[in-house]
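**Student:** Provide a 3D model corresponding to the input given below.
(2 chains)
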Amino acid sequence: MADLQTQRAYQKQEGIFQNSKKLLAKKTSKGVRYWKEVGLGFKVPKDAVEGNYIDKKCPFTGNVSVRGAILKGIVISTKMTRTIIIRRDYLHYVAKYNRYEKRHRNVPVHISPAFGPVNEGDIVVCGQCRPLSKTVRFNVLKVIPNEIIGNVRKQFVLF
Amino acid sequence: MGISRDSRHKRRLTGGRMPIHKKKRAFEKGRQAAMTKLVSGEKRVRRIRVRGGNFKFRALRLSEGNISWGSQGVAKKSKIVEVVYHPSNNELVRTKTLTRGVIVQVDATPFKQWYAKKYNVELGQKKKKDAPVEQTKKSKSLIKKLEQRTKENVIDQLVQEQFANQRLLVRITSRPGQSGRADGYILEGKELEFYIKKIEQKKK
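**Tutor:** Numbering: from 1, shown residues only, chains lettered A, B, ... in the order given. Reported below is the predicted structural model:
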């Protein structure tokens, strides 16, 4: 429980009142937890409901709503705290030659601590939300584990 | 001045520069921060006309705020005595600046009086533990009501101890530079323990 509070300000879920008389009397560490469904048929991970983490940008336990586009991509980098980079591949049609060329885009996506450790090569479904930072506008909704042979950044996987 | 809140001066995600093809616009302008100071005398609040014809109340000097006691469900206007901790910047504690999220010490007397009236108990008595107030004549129904209330009442141990010093730890939740007020809530439970620990660490 104590490893939750790593910041200088007390981390808690915004809308939950932790000090009602009932909770003060109980003296156990299990408090009330706020969680919500994101809609569109996505299941809420068990860790979001039972876990202890505090993440205001989590789609299940935080203050973001998922609306707009739903994207699928392959994870190429997990080095940032609570955010990953996914790669989306697509084909671009060149009319002069009647052919396609491969193109890709990297999208930074916020990932909630509810999803366990995500590895490079996993496939991820993410939903659009309001801007969470300078470049992040998407939030992970589902992780599909996947094995990739070779360098992730050199793969072309069309969804 | 010239504080602007545009994103055109920032680099792209790829690291590339953004070409500047527009001047700064009025809708992107920012204003100087309020840096509301804690003062023991007169308050000073300026009214600022903002975009759309609306008003913001920039508090420049404040001395009191409306403090709520969450678990009891009351709010009382109380004097803010001292700034004790700020999670973002220690400088703000030194200069006694009031912002949202700052931890302050607040005068406990309004809450003490309210508690005595509601539960007939003096908080913060050092020798006798929870000694009852002077016995004014009370009707039987009032006595019964008081007993019922005390039965259902729970008060945090750490909060009770603070009453002895006449000071309660409070977290400011309003934005003094926007609304002109310094309102907050009394810290209780785990949050109180957390901040007490932080303040002790700082003292060392």
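**Student:** switch to C-alpha atoms for all contacts and neighbour counts from now on
**Tutor:** Fine.
**Student:** Name the helix or strand for B:A59, please.
**Tutor:** With secondary structure defined by DSSP states H and E, B:A59 is part of strand B:55-62.
**Student:** Up against chain B, what does chain A have?
**Tutor:** Chain A comes close to chain B at residues A:8-10, A:18-22, A:24-25, A:135, as judged by CA under 8 Å from any CA of the partner chain.
**Student:** so which helix or strand takes in B:E191?
**Tutor:** Using DSSP H and E, B:E191 falls in helix B:189-203.
**Student:** wait, does that helix contact chain A?
**Tutor:** Yes: interface with chain A: helix B:189-203 contributes B:189, B:191, B:194-195, B:198 (CA under 8 Å from any CA).
**Student:** just so I have it, where are all the helices in chain B?
**Tutor:** B:90-94, B:109-119, B:140-152, B:157-164, B:176-179, B:189-203 (DSSP state H).
**Student:** Buried residues of the last one, list them for me.
**Tutor:** Along helix B:189-203, the positions that meet the burial threshold by neighbour count (16 or more other CA atoms under 10 Å in any protein chain shown) are B:189, B:191-192, B:194-196, B:198.
**Student:** ok, of the residues you listed, which one's closest to B:G177?
**Tutor:** B:Y195 (23.8 Å; CA to CA).
**Student:** Please determine how far that closest one is located from B:L187.
**Tutor:** 9 Å (CA to CA, to the nearest Å).
**Student:** Pull the contacting residues for residue 153.
**Tutor:** Using chain A here. Residues near A:R153 by CA atoms under 8 Å, 6 or more residues apart in numbering or on different chains: A:76, A:87.
**Student:** think we crossed wires, I meant chain B
**Tutor:** A:K21.
**Student:** Can you check the pLDDT for it?
**Tutor:** What the model reports for B:N153 is a pLDDT of 85.
**Student:** just A:R67 next, same as before
**Tutor:** Looking at A:R67, the pLDDT reads 95.
**Student:** The one 5 residues further on now?
**Tutor:** On the pLDDT scale, A:K72 is placed at 95.
**Student:** Which pair of the residues of chain A next to chain B spans the longest distance?
**Tutor:** By the measure CA to CA, A:A25 and A:T135 form the most distant pair in the residues of chain A next to chain B, at 44.1 Å.
**Student:** Just say helix, strand or coil for A:K56.
**Tutor:** coil (DSSP: H, G, I helix; E, B strand; the rest coil).
**Student:** Compute the number of surrounding residues for it.
**Tutor:** A:K56 has 17 neighbours, counted by other CA atoms under 10 Å in any protein chain shown.
**Student:** Distance check, it against chain B.
**Tutor:** 16 Å (CA to the nearest CA, to the nearest Å).
**Student:** CA atoms only: put the helix or strand bottoming out on mean pLDDT in chain A into CSV for me.
**Tutor:** Least confident helix or strand of chain A, by mean pLDDT, DSSP states H and E, is helix A:21-26 with a mean of 77. The C-alpha trace of helix A:21-26 is given here as CSV (Å, rounded to 0.1, in the frame of the first residue of the first chain):
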residue,chain,number,x,y,z
LYS,A,21,-17.2,7.9,9.5
LYS,A,22,-17.8,4.4,8.3
LEU,A,23,-14.4,4.1,6.8
LEU,A,24,-12.6,5.9,9.6
ALA,A,25,-14.1,3.4,12.1
LYS,A,26,-13.1,0.4,10.1
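**Student:** Right, I'll call it a day here.
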